[in-house]
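Chemist: Could you look at this predicted model? Sequence included:
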Amino acid sequence: MIRAFYGAAFALFGAAPVPAGPDDVASDETVILFSTAARRGEDGSSWRLDAHGWIFELEPDSAARNTLISALRPIVSSDATLDEDQCFRERLQPFLADNERGKRLRLRLGEKIFTLGPSGADGHFEGTIDLSEAEVAAARKLSGDGPSALRLEVVTASGDSRRFEGRVSLVEPEGISVISDIDDTIKVSNVLDRQALLRNTLLRDFEAVPGVADAYTRWAREGCAFHYVSASPWQLYSPLSAFVASAGFPAGSFHLKKFRLKDSSVLDLLASNLAYKLGRIEPILKDFPRRRFVLVGDTGEQDPEVYGSLARKYPEQIQQIWLRDVTREGASSRRLEQAFAGVPSSLWRTFRDAKELPESLGRPPSTQPGKEGGDAKDSLSPR
């Protein structure tokens with residue numbers, strides 16, 4: 001299926017035109033500002049904000065694109081319902097969008113305006129914005145997202161009433177952060193069954209893993225920050241972020257995989273998740289060296305190997321590891337023993353029911369009765 005998708009798409013698209021120069025968002029262009037995080041500057045009285053977005057043109061009325069989508073749908077499923085067919089078309093459109101390169105966009109934060117860009121060949125633009133404490137305080141009042149978040153907005157041309165906004169989490173230097181996988185950790189994906197994975201990703205409304213949102217909400221009330229790290233491509237950000245919100249999961253920064261049909265990122269999408277996830281999680285740990293981290297994932301792909309490696313490399317920061325046991329192999333399996341070789345058995349747990357997740361991430365170990373190491377029977381707390 002994947003080869004058929006790539007072959008058809010490569011045949012459809014040639015080289016993308018390069019815009020003449022920086023300008024406003026055109027009427028046929030769309031911008032997505034991804035959810036990011038901000039950290040304190042080295043002086044402790046300023047903030048460094050990561051901004052990341054994507055500018056593109058969907059062209060939903062393109063006959064060539066619609067023909068391609070119709071040709072690909074039976075490869076995913078030959079018996080899709082009308083609702084599933086509509087969902088497929090909506091999910092696939094961003095993968096076939098025209099990325100806009102060379103665009104320099106203006107972003108508004110509170111009363112200040114910053115310019116980012118130029119966007120790359122994949123339409124993505126990124127940058128770091130330095131803000132004073134006073135500027136952050138002023139932006140907080142205007143954002144309406146509470147004391148721990150800011151609202152970033154694209155400045156559009158005069159007369160353009162569209163709003164392209166993104167959320168920025170304000171993460172203090174100390175505290176507990178949860179780094180969470182998405183597929184089969186918070187969202188039912190069935191990664192081990194490729195056909196089911198395709199249907200759950202492209203044809204159906206996303207379904208939450210029962211009970212996990214309740215646990216995350218409890219932890220968020222304690223002040224935990226959240227970072228969602230997944231090998232899913234950025235083209236799925238909109239439905240994924242909408243799912244996180246509608247299913248009751250706490251807001252947080254997103255860290256997904258770049259993917260473009262016309263370059264080597266196609267191969268990256270098919271590559272091992274081990275190096276990719278290490279490359280996405282380690283910068284978070286380095287940005288917040290004094291925070292303690294709880295890693296939540298599943299046994300379906302390489303979360304055990306990724307988290308075991310991080311626990312060995314960052315023993316002072318990694319405080320807990322929770323793995324949803326979708327493979328039914330148990331904590332005593334040879335694979336998990338190898339993945340967590342050298343990691344204290346009290347540090348990690350597998351679970352099958354979200355009720356096994358701890359009520360609190362901040363309670364001292366002496367107040368948390370439970371089995372030492374392996375399968376969760378009670379709860380586990382930071383060292």
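Modeler: Everything's here; your move. Numbering: from 1, shown residues only.

Chemist: Give me the residue at the spatial middle of this protein.
Modeler: Centroid-nearest residue in the chain, with CA atoms, centre = their mean: residue 254, separated by 3.2 Å.

Chemist: how about it, what does it touch?
Modeler: Neighbour list for residue 254: 34, 35, 36, 228, 230, 237, 240, 241 [criterion: CB atoms under 8 Å, 6 or more residues apart in numbering]. All C-beta spots, glycine's among them, are computed from the backbone N, C-alpha and C.

Chemist: same thing but 10 Å
Modeler: Listed by CB atoms under 10 Å, 6 or more residues apart in numbering, the contact set of residue 254 reads 34-37, 52, 166-167, 182, 226-230, 232, 234, 237, 240-241, 244.

Chemist: Residue 120 too?
Modeler: Applying CB under 10 Å, 6+ apart, the residues contacting residue 120 are 54, 99, 100, 101, 102, 103, 126, 258, 260.

Chemist: One more: residue 216?
Modeler: Taking CB under 10 Å, 6+ apart as the test, what residue 216 contacts is 178, 180, 186, 224, 226, 244, 247-250, 252, 296, 354, 357.

Chemist: can I get those in TSV with neighbour count and pLDDT?
Modeler: Output for these, formatted as TSV (neighbours: other CB atoms under 10 Å; pLDDT from 0 to 100):
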residue	neighbour count	pLDDT
178	22	98
180	23	98
186	28	98
224	20	97
226	24	98
244	25	98
247	16	98
248	12	98
249	24	98
250	20	98
252	27	98
296	24	98
354	18	97
357	24	96
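
Chemist: picking up where we left off before, keep only those of the contacts of residue 120 that are in strands.
Modeler: Among the contacts of residue 120, the ones falling in strands (DSSP state E) are 54, 99, 126.

Chemist: List just the nearest of those residues to residue 73.
Modeler: Of all those, residue 99 has the smallest distance to residue 73: 23.1 Å, by CB to CB.

Chemist: Let me know the pLDDT of the closest residue to residue 318 other than its chain neighbours.
Modeler: Once flanking residues are discounted, residue 318 sits nearest to residue 311: 4.5 Å by CB to CB, 6 or more residues apart in numbering. What the model reports for residue 311 is a pLDDT of 98.

Chemist: The helix or strand in which residue 311 is found packs against which elements?
Modeler: Assigned by DSSP states H and E, residue 311 belongs to helix 303-313. Here helix 303-313 touches helix 273-287, strand 292-298, strand 318-324, helix 334-339, strand 348-351, going by 3 or more CB pairs under 10 Å, 6 or more residues apart in numbering; DSSP states H and E.

Chemist: in a strand, that's where the residue nearest to the centre of the chain is, yeah?
Modeler: Yes: under DSSP: H, G, I helix; E, B strand; the rest coil, residue 254 sits within a strand.

Chemist: about what we covered before: ok, of the contacts of residue 120, which one's closest to residue 332?
Modeler: For these, the nearest to residue 332 is residue 258 (37.5 Å; CB to CB).

Chemist: Quick check: helices, which of the contacts of residue 254 are part of them?
Modeler: 237, 240, 241, 244 (DSSP state H).

Chemist: can I get those residues in a markdown table with distance to residue 278?
Modeler: Listed next are those as a markdown table, based on distance: CB to CB, whole Å:
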| residue | distance to residue 278 |
| --- | --- |
| 237 | 21 |
| 240 | 21 |
| 241 | 24 |
| 244 | 23 |
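
Chemist: which intervals of the protein have sub-threshold pLDDT?
Modeler: Scanning the chain for pLDDT under 70 picks out 1-23, 262-272, 363-383.

Chemist: show me where it has helices.
Modeler: Using DSSP H, the helices of the chain run over residues 2-12, 63-76, 82-92, 133-143, 194-202, 212-221, 237-246, 265-270, 273-287, 303-313, 334-339.

Chemist: Check those helices for me and report the most buried one.
Modeler: Most buried of the helices of the chain by mean neighbour count (mean count of other CB atoms under 10 Å) is helix 303-313; its value is a mean of 21.

Chemist: Looking at strand pairing, list the partners for the closest residue to residue 320 other than its chain neighbours.
Modeler: Once flanking residues are discounted, residue 320 sits nearest to residue 294: 4.4 Å by CB to CB, 6+ apart. Beta bridges link residue 294 to residue 178, residue 320 when assigned by DSSP bridges.

Chemist: Hmm, residue 294 is touching residue 319, no?
Modeler: Yes: assessed by CB atoms under 10 Å, residue 294 is found in contact with residue 319 at 6.0 Å.

Chemist: These two: which is more packed in?
Modeler: Neighbours per residue (other CB atoms under 10 Å) separate residue 294 from residue 319, with residue 294 holding more: 23 against 20.

Chemist: From residue 318, how far off is the more buried one?
Modeler: Relative to residue 318, residue 294 is positioned 8 Å away (CB to CB, to the nearest Å).

Chemist: again, but for residue 219
Modeler: Using CB to CB, residue 219 is found at 16 Å from residue 318.

Chemist: Let me see the contact set for residue 117.
Modeler: 22, 53, 55, 101-107, 124-127.

Chemist: backbone phi and psi for it, please?
Modeler: With angles defined as degrees, to the nearest 10, residue 117 sits at phi 120, psi -170.

Chemist: roughly how far apart are the closest residue to it other than its chain neighbours and residue 25?
Modeler: Nearest residue to residue 117 in three dimensions, chain neighbours excluded: residue 104, at 3.7 Å (CB to CB, 6+ apart). Using CB to CB, we find residue 104 at a distance of 11 Å from residue 25.
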